[in-house]
Structure formats: structure tokens, C-alpha cells
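Q: got a predicted structure plus its sequence, pasted below:
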Amino acid sequence: MPQLTLTALPGIPLIQPGDDLVALILAGLDAAGIILQDGDVLVVTSKVVSKAEGRFVALDRVTPTPEAREVARFIRKDPRLVTLILAESAEVLRTRPGLIVVQHRLGFISANAGIDASNVQAAGTVLLLPADPDASARALRAGLHAATGADVAVVLNDSHGRAWRHGTVGVAIGVAGLLPLTDRRGEQDLFGKKMRITVLGTADEIAAAASLLQGGTDEALPVVHMRGVPYRSGPGQTVELLRSKERDLFR
């Protein structure tokens with residue numbers, strides 16, 4: 001019978017700039033009694049990757065731009081934060097008091113360009129997303145392979161809202177070693193009918209499953225090991241998950 005096992009790795013400390021995430025993940029695997037195998041998946045929150053990469057910004061070092069001041073007056077947010085949001089964005093899509101929805105420079109749609117102050121210890125400091133999440137995922141995968149010899153996949157996840165539905169879910173913003181989409185078109189269902197539109201968002205499903213254990217408040221469980229994931233290996237990129245503007249019904 002198919003079986004999927006998820007294990008949140010214990011003992012991952014609060015991450016500081018320059019920390020060796022590969023070493024910390026290996027220590028967590030050892031503490032959990034897990035030996036990496038080919039086909040395993042590691043899901044890592046984008047937040048700890050950002051921290052290790054030093055993506056902190058102190059707001060008192062930010063000079064608000066005129067555009068940011070104008071937007072900030074309307075949405076009632078700190079103009080210094082809005083300056084960072086605009087700098088990380090390709091386009092502002094929606095605004096209302098308390099909310100700004102943008103297309104991030106990486107292509108996905110999110111509130112506040114993914115900039116966050118939660119679980120950031122220093123007051124008046126926020127954390128940006130990794131500069132290149134796919135590259136970060138590839139580096140982690142390469143480091144784990146060099147240390148263990150195992151051919152694993154890595155997903156970086158973040159929490160996003162969704163059109164039509166309440167609540168945030170984990171989504172993939174960085175991948176390495178797997179195809180983020182699983183194309184089932186051309187395959188047959190139980191009754192021999194050919195699938196014509198079935199393309200699964202595998203990387204997002206993996207990200208969401210891991211986020212159930214990661215939590216997002218005070219759990220301090222940023223890394224989840226998964227075994228038994230039905231994915232297709234390959235040099236995938238997160239951009240494959242994103243709809244083009246022309247095919248996006250909300251723009």
C-alpha cells in the first residue's frame with residue numbers, strides 16, 4: 001500500500017546570518033533517527049533560508065520613497081515597509097486599508113511581497129524572501145548529496161492566501177530535484193477515459209503537507225523530512241507553477 005511519512009526535524013535552532021543549514025539539517029536528521037535515502041524530500045521554510053542568507057532589513061535604515069508614502073497613506077502601513085514592498089515587487093495589483101497585494105519580482109502573487117516581521121527577534125526589523133529561492137534549494141540539495149550521497153529533492157515553502165478561499169496554505173517558492181508539475185494528460189482513468197486537463201501541482205502539495213507540521217507561530221519546526229512522496233525527479237523551476245498574466249482570470 002502507498003505510504004507517506006512526514007517528520008518534523010527536532011533541534012533546529014534560531015537561524016542567524018551565515019549559519020550552515022545543511023549541517024543543521026543533518027543534525028536534525030540524526031536526532032530524528034533518519035538516514036537519507038534516494039527519493040526523500042526535504043521541505044524547508046523560506047524564512048530560515050532568508051535568515052541564513054542575511055535578508056534582514058532594519059526599517060530605521062530605509063528612506064521612504066514618494067510613491068511609497070502615497071501608497072502608505074491609503075493602506076495605513078509604515079511607509080518604510082511599503083518602500084521595501086514596492087522594491088521587491090514587479091506590479092501592485094490590489095490595495096485597500098491594511099492590505100497590499102503585489103506580483104513579486106519572482107513572479108508569484110502575494111500580500112506584502114512576502115515581507116514579514118513574525119519570528120524576527122530584533123524590533124523594527126523585517127525579513128525579505130530569499131533572493132533566488134530555486135538557487136537556494138539547489139544549494140541545499142547539493143550540500144545534502146555531498147554529505148550523504150542521497151539523491152533527494154528540496155522544496156522551499158512559504159504561506160500564501162488563495163483566491164476564492166479563506167486561510168493560508170504552504171506553497172512552493174523554491175524547488176530542486178523535482179518537477180513542480182506532474183502532467184497526467186494522456187493517461188487513463190479507472191474506466192479507460194483519457195485524461196485531457198489533469199496537471200497536478202505536486203510541489204505545492206508537498207509544501208502544503210509539510211506546513212501542517214511546521215505551523216508558523218511558535219512551533220520552531222522549519223524543516224520536514226518526507227518519505228514516500230510520489231514525484232517525478234528533474235531540474236524543475238518554480239516559475240513552472242505560475243500562470244502567465246494572459247491566462248490569469250484575476251488580472
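A: Done, it's in. Model, not experiment: these values are computed from the prediction.
Q: got a list of contacts for stretch 50-69?
A: Stretch 50-69 is contacted from outside by 15-21, 72, 78-86, 120, 122, 124-131, 136, using CB atoms under 8 Å, 6 or more residues apart in numbering. For the C-beta atoms, the positions are set from N, CA and C on the backbone; glycine is no exception.
Q: return the subset of the residues you listed lying in helices.
A: For the contacts of stretch 50-69, the ones inside helices are 21, 72, 79-86, 136, with DSSP state H as the criterion.
Q: where in the stretch 1-150 of the chain is pLDDT low?
A: Across the stretch 1-150 of the chain, not a single residue meets the criterion (pLDDT under 70).
Q: buried only: go through the ones in helices among the contacts of stretch 50-69 for me.
A: Among these, those scoring as buried are 21, 72, 79-86, 136 (criterion: 16 or more other CB atoms under 10 Å).
Q: just send the residues you listed back as a markdown table, with distance to Asp30 too.
A: Below are those laid out as a markdown table (distance: CB to CB, whole Å):
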| residue | distance to Asp30 |
| --- | --- |
| Leu21 | 15 |
| Ala72 | 47 |
| Pro79 | 46 |
| Arg80 | 42 |
| Leu81 | 39 |
| Val82 | 43 |
| Thr83 | 43 |
| Leu84 | 38 |
| Ile85 | 39 |
| Leu86 | 43 |
| Ser136 | 22 |
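Q: what's the farthest-apart pair in those residues?
A: Spatial extent of those (CB to CB) is set by the pair Leu21 and Ala72 at 34.2 Å.
Q: which SS state does Thr95 fall under?
A: Of the three states, Thr95 takes strand under DSSP: H, G, I helix; E, B strand; the rest coil.
Q: repeat for Tyr231
A: Quick answer, by three-state DSSP: Tyr231 is coil.
Q: what does the pLDDT read for it?
A: Looking at Tyr231, its pLDDT reads 96.
Q: ok, longest strand in the protein?
A: strand 165-176 (DSSP state E).
Q: so what strands line up beside it?
A: Take DSSP bridges as the rule and strand 165-176 pairs in its sheet with strand 153-162 (antiparallel).
Q: what's the average pLDDT for the partner strand?
A: pLDDT averaged over strand 153-162 gives 94.
Q: now do the helices in the protein.
A: 21-31, 46-52, 66-75, 79-87, 133-148, 202-214.
Q: do you know how far Gln103 is from Leu86?
A: Between Gln103 and Leu86 the computed distance is 12 Å (CB to CB, to the nearest Å).
Q: Ser50 too?
A: 19 Å.
Q: report how many residues lie close to Val43.
A: Val43: 28 surrounding residues under other CB atoms under 10 Å.
Q: ok, it - contacts?
A: 154-157, 170, 206-207, 209-210, 214, 223-224, 226.
Q: kindly supply the ChimeraX command isolating those of those that are buried.
A: In ChimeraX syntax, the buried subset of the contacts of Val43 is picked out as below (16+ other CB under 10 Å):
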select :154,155,156,157,170,206,207,209,210,214,223,224,226
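Q: out of the contacts of Val43, which comes closest to Gly236?
A: Nearest to Gly236 among these: Val155, at 9.9 Å, using CB to CB.
Q: so the closest one touches Gly177, yeah?
A: No: using CB atoms under 8 Å, Val155 makes no contact with Gly177, being 9.1 Å away.
Q: for Ile197, which non-adjacent residue is spatially closest?
A: Arg185 (6.8 Å; CB to CB, 6 or more residues apart in numbering).
Q: check contacts around that neighbour.
A: Per CB under 8 Å, 6+ apart, neighbours of Arg185: 195-199.
Q: tabulate these (CSV), appending neighbour count, pLDDT and distance to Ile34.
A: Shown next, in CSV, are the contacts of Arg185 (neighbours: other CB atoms under 10 Å; pLDDT from 0 to 100; distance: CB to CB, whole Å):
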residue, neighbour count, pLDDT, distance to Ile34
Met195, 13, 90, 35
Arg196, 8, 92, 40
Ile197, 6, 89, 37
Thr198, 13, 91, 33
Val199, 11, 93, 31
